[in-house]
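Trainee: let's see this in three dimensions:
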Amino acid sequence: KAMLLLKKKRYQEQLLDKTENQISNLERMVQDIEFTQIEMKVIEGLKIGNECLNKMHQVMSIEEVERIMDETQEAVEYQRQIDEILAGSLTEEDEDAILEELNAITQEQMELPEVPSEPLPEKVPEASPIKNRPKPELVAAS
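Mentor: Numbering: from 1, shown residues only. The predicted model follows:
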């Protein structure tokens, strides 16, 4: 009877070892599946990003960007030339015209509003109450 119990015990231990190995294999498989799912999400993200980049490249070609940059440079150069012309020295005729215009402006009688003759009231600054601002709450990042 003792021999039969020892055989049964041995069989149960072997069965328990097999079960533990199977559970270990299952856990490994679950981890592998989870990792593969993460890899698939990363690959899908890369695929979407690549598609977006391709669409952007279709919309903006290198030639288009170079053309826009050239046009911008030409516009900046044109504006610089205009600035130089405007900032350049004026001719004597221009100086004379400016002086005539200034004299005409200063000779005109301008209608100004009447200034009050009574003194202005003195204004006493009021002490403004300090406003209590609520302190911002710190929120833990999740």
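Trainee: give me the neighbour count for residue 38.
Mentor: One way to gauge burial is a neighbour count; for residue 38, by other Cβ atoms under 10 Å, it gives 10. For the C-beta atoms, the positions are set from N, CA and C on the backbone; glycine is no exception.
Trainee: how about the contacts made by it?
Mentor: With contacts defined as Cβ atoms under 8 Å, 6 or more residues apart in numbering, residue 38 has no neighbours.
Trainee: that one and residue 51, how far apart?
Mentor: As for residue 38, its distance to residue 51 is 21 Å (criterion: Cβ to Cβ, to the nearest Å).
Trainee: same check on residue 116?
Mentor: According to Cβ to Cβ, residue 116 and residue 51 sit 73 Å apart.
Trainee: so which of those two has more stuff around it?
Mentor: For residue 116 against residue 51, the residue with the higher neighbour count under other Cβ under 10 Å is residue 51, and the figures read 10 against 7.
Trainee: for this structure, what are the low-confidence residue spans?
Mentor: The chain contains residues with pLDDT under 70 at 88-91, 109-110, 112, 124-142.
Trainee: thanks again, I'm all set now.
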